[in-house]
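Asker: Only the shape, not the letters, is given here:
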């Protein structure tokens, strides 16, 4: 899955989403995503695949368990592995 596909899938959750930051942040809650890690797989002096480590951040006034669960369910539905930090 590339970044454009990732954004499209996350948009189905109904939150505003943008790469890295919003110039003018929308009304809460909203999502921001960015590439935190590139991991190239290679052999025989050639890169043959790229794995992106993407951070997805939920911004809201208070802890929003409902939104967190919605996001986690979507990531699971897409078969994407993830970890969660506070």
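Answerer: Structure received. What you see is a predicted model, and the numbers here were worked out from it, not measured in a lab.
Asker: contacts and neighbour counts: CA atoms only from here.
Answerer: Noted.
Asker: Around residue 10, how many other residues sit close by?
Answerer: 19 (other C-alpha atoms under 10 Å).
Asker: Residue 17 too?
Answerer: Using other C-alpha under 10 Å: residue 17 sits among 23 other residues.
Asker: Which strand residues bridge it?
Answerer: residue 31 (DSSP bridges).
Asker: you'd agree it is up against residue 32?
Answerer: Yes. Here residue 17 reaches residue 32: they are 5.5 Å apart, a contact under C-alpha atoms under 8 Å.
Asker: Just the buried positions in stretch 52-64, please.
Answerer: Residues 52, 56, 57, 58 are the ones in stretch 52-64 that count as buried (16 or more other C-alpha atoms under 10 Å).
Asker: Excluding chain neighbours, what is closest to the last one?
Answerer: By the measure of C-alpha to C-alpha, 6 or more residues apart in numbering, the closest residue to residue 58 outside its immediate chain neighbours is residue 31, 4.8 Å from it.
Asker: And the pLDDT for that neighbour?
Answerer: On pLDDT, residue 31 comes in at 98.
Asker: repeat for residue 44
Answerer: For residue 44, the predicted pLDDT is 83.
Asker: List phi and psi for it.
Answerer: phi 50, psi 40 (degrees, to the nearest 10).
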